[in-house]
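Colleague: Give me the fold of what follows.
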Amino acid sequence: MTDVREAITHAHHEEWARVVASLTRRFGDLDIAEEATAEAFATAVGRWPADGVPPNPGAWLTTTATRKAIDRIRRENKRDDKHKEAQMLYDHPPEPLGAIDDDRLRLIFTCCHPALAMETRIALTLRMVGGLTMPEIARAFFVQESTMGQRITRAKAKIKAARIPYRVPSAEDLPARVSGVLAVLFLVFNEGYLATGPDTDPIRHELTAEAIRLTRLVRGLMPEDGEVAGLLALMLLIEARRTARLSASGELVTLEEQDRGAWDAALVAEGHRLVRERLAAGVAPGRYQILAAINGVHTSARHVSETDWSQVVALYDLLVRLDSSPIVALNRAIALAELDGPRAALAVVDRLEDKLAGYHAYHATRADLLRRLDYSRESRAAYDKAIELAGNSAEIAHLRRRRDQLG
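Modeller: All right, here's what the predicted structure looks like:
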């Protein structure tokens, strides 16, 4: 461990200026170069102690920093363009600040207008404000890109036809819009947590960090809203595991394989505190609060073997009453496998095939259950299908390794 820390320190002194200079020459922006370099070094601090120092630390840092810079520039360009487009959809310029003192959050609340269907306002806001691409939004809703494009086009047409004003919401408007805002922030966070496409970093910290920042602002606006607190707790408990989720070779590291000592203890503690506060409130929890509680159970265990799976399954049973989607059923089956065994879970998963046949995680889950039951041929076929459907490079690397370990 000491050798690794010395390597990072040495790399900092020797490489920092060189990497910044290289990125500045390439992108012409010192601020972006320094921020991307700082992110690269932070990533090294998180990964190298667990995975070892790469053969060429300087090249690793330069490559990582370049990716961070490209992703940041791409996102900033999209954000500016989409902000302008969102404003042009409406007939009137925005009014003064109103209840919200953050430009981006104000625009999200403005676009999440209750006159639009919930799914439509979420998709439109992700496109106009969230900076997500059409393929990313389509994958989030499990629909074809053309279908999502049509929905967003119809939403824009409705805004113009109904002459929905571009008005900054007042404090009284917030409760009617907050559910859509939370859904937008959750989906932006999810895209950062595990990117769905092959053309970005597999984990996009700038997205998760921005989603957390905006959710903190929403909590400041609505401190008594349990779902706002629940979403913030959920994000924090997931973000706490970020640096342990990728190996030095760029492969996804699953929860059971992660070095729990590398988790961010401060974020875990804050997430647990929010979960406890919501439990003490004595109010029936919503979807985000239950998901936060599930992640609270996972992050309370010092080792995966100490996880209270009966509590996890019980929480999923509670969640199913609020959200009967096949995704929730799939995640419940994963927990059920730890409680009742892989055969019981496989029976549940197989009943989801009609609804999740195009979802890579369905096939990955099924492959893992079949592997545990020693059905190697069937497991290999399921891994192949999961790899075919997956878009995240780190996840594909993990799935390939698992497949290649089969007899």
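
Colleague: which one is Y383 nearest to, not counting chain neighbours?
Modeller: Closest residue to Y383 apart from its sequence neighbours, by CB to CB, 6 or more residues apart in numbering: R403 at 3.7 Å. C-beta coordinates here come from the backbone N, C-alpha and C atoms, glycine included.

Colleague: end-to-end on stretch 243-256?
Modeller: 15 Å (CA to CA, to the nearest Å).

Colleague: If you count neighbours, what's buried in that stretch?
Modeller: Judged by neighbour count using 16 or more other CB atoms under 10 Å, the buried positions of stretch 243-256 are 243-247, 251-253.

Colleague: hmm, back to that, the residue nearest to Y383: neighbour count?
Modeller: Applying other CB atoms under 10 Å, we find 19 other residues in the vicinity of R403.

Colleague: Rounded mean pLDDT for the strand or helix carrying it, please.
Modeller: Using DSSP states H and E, R403 falls within helix 393-404. When pLDDT is averaged along helix 393-404, the result is 95.

Colleague: which residues touch it?
Modeller: The set of residues external to helix 393-404 that reach it, using CB atoms under 8 Å, 6 or more residues apart in numbering, is 194, 198, 202-203, 246, 249-254, 360, 364, 367-368, 371, 379-380, 383-384, 386-387, 390.

Colleague: Please spell out which residues along that helix are buried.
Modeller: Buried, per 16+ other CB under 10 Å, within helix 393-404: 393-400, 402-403.

Colleague: Distance to D225 added to the residues you listed, as TSV?
Modeller: Formatted as TSV, the buried residues of helix 393-404 follow (distance: CB to CB, whole Å):
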residue	distance to D225
S393	37
A394	34
E395	33
I396	38
A397	39
H398	36
L399	38
R400	43
R402	40
R403	44
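
Colleague: which one of the residues you listed is nearest L126?
Modeller: Nearest to L126 out of the buried residues of helix 393-404 is E395 (CB to CB; 21.4 Å).

Colleague: where does the chain have its least confident helix or strand?
Modeller: For the chain, using mean pLDDT, DSSP states H and E, the weakest element among its helices and strands is helix 2-27, scoring a mean of 59.

Colleague: And the helix or strand hosting L369, what's buried?
Modeller: In this assignment (DSSP H and E), L369 forms part of helix 360-372. Residues of helix 360-372 classed as buried by neighbour count (16+ other CB under 10 Å): 360-371.

Colleague: Also stretch 380-389?
Modeller: Residues 380-383, 385-387, 389 are the ones in stretch 380-389 that count as buried (16+ other CB under 10 Å).

Colleague: contacting residues for the spatially most central residue of the chain?
Modeller: Centroid-nearest residue in the chain, with CA atoms, centre = their mean: N190, separated by 2.1 Å. The contact partners of N190, by CB under 8 Å, 6+ apart, come to A140.
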